[in-house]
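Peer 1: dropping the sequence and predicted coords here.
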Amino acid sequence: MRREPTSRAGTVHRLTIDSALLGANLVGAPASRIVDVYVPHGQDGRGLPLLVDLVGYTAGGPAHTNWKNFGENAPERLDRLIGAGAMPPVVVAFPDCFTRLGGNQYINSAAQGPWADFLVREMVPRVERDFGCGGSGRRGVFGKSSGGYGAIVHAMLYPDFWAAAASHSGDMGFETCYLPGLVRSLREFARAGGIKPWLEEFEKRPKVKDDDVETLEMLAMCASYDPDPAAYMGVRLPLDLETAEIIPERWANFAKWDPLNIVQTRGPGLKALRALYIDCGNIDQFNLVYGARRLHRALERLGVAHRYEEFPDNHSNVDYRMDISLPFLAAALTPRG
């Protein structure tokens, strides 16, 4: 729904990438991927910065270009912001990275697939080649929730590739955001007779409930952070299924992907970014604000320039925060003069 009817609409192009990298994965995620690409009105993309939108768990990039009730989809938001002069024009790519487990964390995984490699070695080069946009020093990545996780981790792991990043309510502080859900999931696996029977049962259900999604999400996290090639779909929990005791070696594998741990070694590389934005709602129902505060403090200790904000809201329906982050990123990636 266009909130500013006078904004001139950009164009959304749809690409299909037949990935040479994604074919071998344990969850059966298809290698053929849709990528929607937004180009502002009056532009063909050439010479513009490129932003990449990493969506949250259970979504795919095209969900952000679809019609949206009671609000704007991402292209409509971009039309308004660019049309009003609130941000310079940019190309924005919306890759579909959905998997059989409901999504992934945009990192390389033996179970889910090499999603980081797909983004930086296949998807972005294809978009830049087709539209003449982006390039070194002119690429930014942003996202919310799992997408916010992907954005901050990509910024730390690939600071020579990305020049700017924005993480909205990103997953971090694994002991506070994931452990409660992992423990809750044990009841479902006990009822079904194990992880494999639960997954098989889930895929046969005619209706997916919120509780089902929460359980599936825990399996997606395990398949992303600590894949076990010997297990069904590569999934094994870092907990004892009967006692909920943490399995130290499994949790160590899982926790090494926490941004709060990655920042200890990779944080200094963030100094190379042209812009870094982090925010979170102060009543986030998944406890993500505590991880965000810890990351903010870590970045301050490291002397990494960044913009950190908390806002009075929870984790849900906070796309309006992009009105702040997108102009911030676009301005940093646009040459002056």
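Peer 2: The structure has been received and is ready for your questions. Residues are numbered from 1 along each chain as shown.
Peer 1: list the contacts of residue 182.
Peer 2: 218, 237, 238, 239 (CB atoms under 8 Å, 6 or more residues apart in numbering). C-betas here are computed from N, CA, C, even on glycine.
Peer 1: next SSE downstream of whichever helix or strand residue 301 is part of?
Peer 2: Using DSSP states H and E, residue 301 maps to helix 288-302. Proceeding N to C from helix 288-302, the next assigned helix or strand is strand 307-311, under DSSP H and E.
Peer 1: contact partners of that next one?
Peer 2: With contact meaning CB under 8 Å, 6+ apart, strand 307-311 is reached by 275-282, 289, 292-293, 296, 299, 318, 321, 324, 328.
Peer 1: what's the nearest residue to residue 98 once chain neighbours are set aside sitting at in phi/psi?
Peer 2: Nearest residue to residue 98, sequence neighbours excluded (CB to CB, 6 or more residues apart in numbering): residue 60, at 4.1 Å. Main-chain torsions, residue 60, degrees, to the nearest 10: phi -130, psi 160.
Peer 1: residue 60: how many residues sit nearby?
Peer 2: Per other CB atoms under 10 Å, the neighbour tally for residue 60 reads 18.
Peer 1: need the pLDDT of it.
Peer 2: As predicted, residue 60 sits at a pLDDT of 97.
Peer 1: ok, now which ones touch it?
Peer 2: 34, 96, 97, 98.
Peer 1: what lies in contact with the helix or strand that contains the first one?
Peer 2: Taking DSSP H and E as the criterion, residue 34 maps to strand 32-39. Strand 32-39 is contacted by residues 10-19, 22, 45, 48, 60-62, 64-65, 74-75, 78, 91-97, 118, 123, 126-127, 130-131 when judged by CB under 8 Å, 6+ apart.
Peer 1: list the contacts of residue 77.
Peer 2: Neighbouring residues of residue 77 by CB under 8 Å, 6+ apart: 319, 322, 323, 326.
Peer 1: just the closest of the residues you listed to residue 191, please.
Peer 2: Residue 191 lies nearest to residue 319 out of the contacts of residue 77, by CB to CB, at 35.4 Å.
Peer 1: how near is the closest one to residue 59?
Peer 2: Residue 319 is 11 Å from residue 59, where distance means CB to CB, to the nearest Å.
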